[in-house]
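Undergrad: Sharing a sequence plus its predicted fold:
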Amino acid sequence: MTSDKTFECFAPLSYPVAVIDNKQTILWANQKFLDLHELKHLPEDAKEKKSLEEQFFSHCKKDEYTLKIETSQHYFQVVTSILAPSEQLSLLSLFDISRRKALQSKLDDKDVMFRNFSEELPDGVILFRSHIIYSNPAFEKFVKYTGMELKKMELFDLIHSSAKEEFIQSLQVPMRKKSNAFEAIIQLKTKNDSVVWAKVKTKVIQFEGQETYLSIISNMVKEQTEIKKLSKMAYYDTLTTIYNRRKFNEVLAEEVQRSKRYNHTLTALFFDIDHFKKINDTYGHDCGDEVLKQLAEEVKNHIRSSDCFARWGGEEFIILLPETSLDNAIKMAEHLRSSIAAVHFDKVPQVTISLGVTALKVTERVNSFLKRLDNALYKAKASGRNCVIAL
């Protein structure tokens, strides 16, 4: 089970975030989330914690969270990132969209008021029928076109080809049911040929006496960047930049299924740095960190792109070798052992590793596979270190 310390990497984020499981239990939250709910820490009392969770999820509808602060209603867009599918953990990120909501609600007023408000909106606004008939400064800045250039274009000219047909078909729903709005996250092509993510909310209004599409276009570049950043934080070791244990376990589960389905061989190497504690004690933890980083880079130069290399924890590393026989895995382990022993490490005279090797058996469970791998490493260390043992 993932510990609370795992989530501390999200603590510095400048917006509220919380980690939940599939039972809608809040397992951890950063200080921004706690401040939002006027809490110093997550309630330890079960009833108080349950009350917070019921309050939160009862006001969290369709990826939007509403919260009354004093006399004002505040709105947050909720972006969900999967942290650990095997443990069914998700990270909820809350982005304040109260101002956007307040401004968007005023777009149903008269045409003059619409223009006045849209000029000040941070989000893009366009009106279009067969062609774009109006665009606000925010949208023009977003796609790098002038208002005059846009009036010669259709909105569909700006949509990336992969989503164009789906978007055109979806627009028929709000045209038939004018009370409905169509939302989509799409990619837009800019004048300089770059591609940007955008959230588009479209409905039909009466403008200048005609039925017209009104679209509010929100720049999703920052959100997409944050999602990618969070994904990297969830699956990569921050020190060595290789996969972490969580990501390895996901890849392992997939490769075990594939191995059994197609009767392919699957082997793994498990190794750690010999006498690593002595390195830290003698040269300092900063030097120890540099050894870990340099070793990871060295190993990456000797494995295939199809191999899964991860930091298991501390000075322990693991490599999954799909479609590799035990004999070839042993050769790989010996090659890594000798290569690492020959590397010049800054400040450290020599670094050696001990390796355990094993192959997945036909009817074997993942836990048994990993246990034999761990036993192989233990025997390698017990045999004097700087060697390879296969079980």
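TA: Yes, it's here. Residues are numbered from 1 along each chain as shown.
Undergrad: What pairs with the strand or helix carrying Ile319, parallel or antiparallel?
TA: Taking DSSP states H and E as the definition, Ile319 sits inside strand 316-322. Its sheet considered, strand 316-322 pairs with strand 266-273 (antiparallel), strand 308-313 (antiparallel) by DSSP bridges.
Undergrad: So which of the ones you listed is nearest His344?
TA: Nearest to His344, of all the strands paired with strand 316-322, is strand 266-273, at 15.5 Å by CB to CB. Using the backbone N, CA and C atoms, a C-beta is placed for each residue, glycine as well.
Undergrad: Next SSE downstream of the closest one?
TA: Next along from strand 266-273, by DSSP H and E: helix 276-283.
Undergrad: which other helices and strands contact that following helix?
TA: Applying 3 or more CB pairs under 8 Å, 6 or more residues apart in numbering; DSSP states H and E, one finds that helix 276-283 contacts helix 285-300.
Undergrad: Can you point out the buried residues in the helix it packs on?
TA: Using 16 or more other CB atoms under 10 Å as the test for burial, helix 285-300 gives Cys287, Gly288, Glu290, Val291, Leu292, Gln294, Leu295, Ala296, Glu298, Val299.
Undergrad: just to revisit the earlier point, looking at the strands paired with strand 316-322, which is buried most?
TA: Ranked by mean neighbour count, the strands paired with strand 316-322 are led by strand 266-273 with a mean of 25 (mean count of other CB atoms under 10 Å).
Undergrad: Show the average pLDDT along that one.
TA: In this model, strand 266-273 carries a mean pLDDT of 97.
Undergrad: Off-centre distance for stretch 16-35?
TA: Here stretch 16-35 shows a centroid-to-chain-centroid distance of 16 Å under the convention CA atoms, centre = their mean, to the nearest Å.
Undergrad: for stretch 196-209, that is, sorry about that
TA: Offset of stretch 196-209 from its chain centre (CA atoms, centre = their mean): 29 Å.
Undergrad: In it, which residues are buried?
TA: Within stretch 196-209, the residues that qualify as buried by neighbour count (16+ other CB under 10 Å) are Val196, Trp197, Ala198, Lys199, Val200, Lys201, Thr202, Lys203, Val204, Ile205, Phe207.
Undergrad: Return the mean pLDDT over that stretch, rounded to an integer.
TA: Across stretch 196-209, pLDDT averages out at 82.
Undergrad: Out of the buried residues of stretch 196-209, which comes closest to Phe276?
TA: Nearest to Phe276 among those is Trp197, at 42.9 Å by CB to CB.
Undergrad: pretty sure the closest one is touching Lys189, no?
TA: No - with contact defined as CB atoms under 8 Å, Trp197 does not reach Lys189; the gap is 11.8 Å.
Undergrad: farthest pair in the buried residues of stretch 196-209?
TA: Largest separation among these by CB to CB: Trp197 and Phe207, giving 27.2 Å.
Undergrad: and the nearest residue to Trp312 once chain neighbours are set aside, what is it in contact with?
TA: Distances taken as CB to CB, 6 or more residues apart in numbering place Ile318 nearest to Trp312, at 4.8 Å, with adjacent residues excluded. Counting by CB atoms under 8 Å, 6 or more residues apart in numbering, Ile318 touches Phe248, Ala268, Leu269, Phe270, Phe271, Phe309, Ala310, Trp312, Leu373.
Undergrad: before we move on, back to that, keeping just the C-alphas, turn the strand holding Ile319 into PDB.
TA: Extracted as PDB, the C-alpha positions of strand 316-322 are listed here (Å, rounded to 0.1, in the frame of the first residue of the first chain):
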ATOM      1  CA  GLU A 316      18.300  -1.500  -5.600                       C
ATOM      2  CA  PHE A 317      17.500  -1.600  -9.300                       C
ATOM      3  CA  ILE A 318      15.500  -4.000 -11.500                       C
ATOM      4  CA  ILE A 319      15.400  -4.700 -15.200                       C
ATOM      5  CA  LEU A 320      12.600  -6.600 -17.000                       C
ATOM      6  CA  LEU A 321      13.700  -8.400 -20.200                       C
ATOM      7  CA  PRO A 322      10.800  -9.400 -22.400                       C
END
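Undergrad: ok, back up a step: can you give me the distance of the residue nearest to Trp312 to Asn386?
TA: Between Ile318 and Asn386 the computed distance is 18 Å (CB to CB, to the nearest Å).
Undergrad: now swap in Pro43 and tell me
TA: From Pro43 to Asn386 the distance is 52 Å (CB to CB).
Undergrad: neighbours around Thr240, how many?
TA: 21 (other CB atoms under 10 Å).
Undergrad: pretty sure it contacts Gln294?
TA: No - taking contacts as CB under 8 Å, Thr240 lies outside contact range of Gln294: 9.4 Å.
Undergrad: Distance of the residue of the chain most remote from its centre relative to Asn136?
TA: Farthest-out residue of the chain from its mean C-alpha position, per CA atoms, centre = their mean: Gly209, at 45.6 Å. Distance check for Gly209 against Asn136: by CB to CB, it reads 21 Å.
Undergrad: repeat for Tyr235
TA: Distance, Tyr235 to Asn136, by CB to CB: 39 Å.
Undergrad: So for those two, which sits in the more crowded spot?
TA: Neighbour count, other CB under 10 Å: between Tyr235 and Asn136, Asn136 has more, with 24 against 18.
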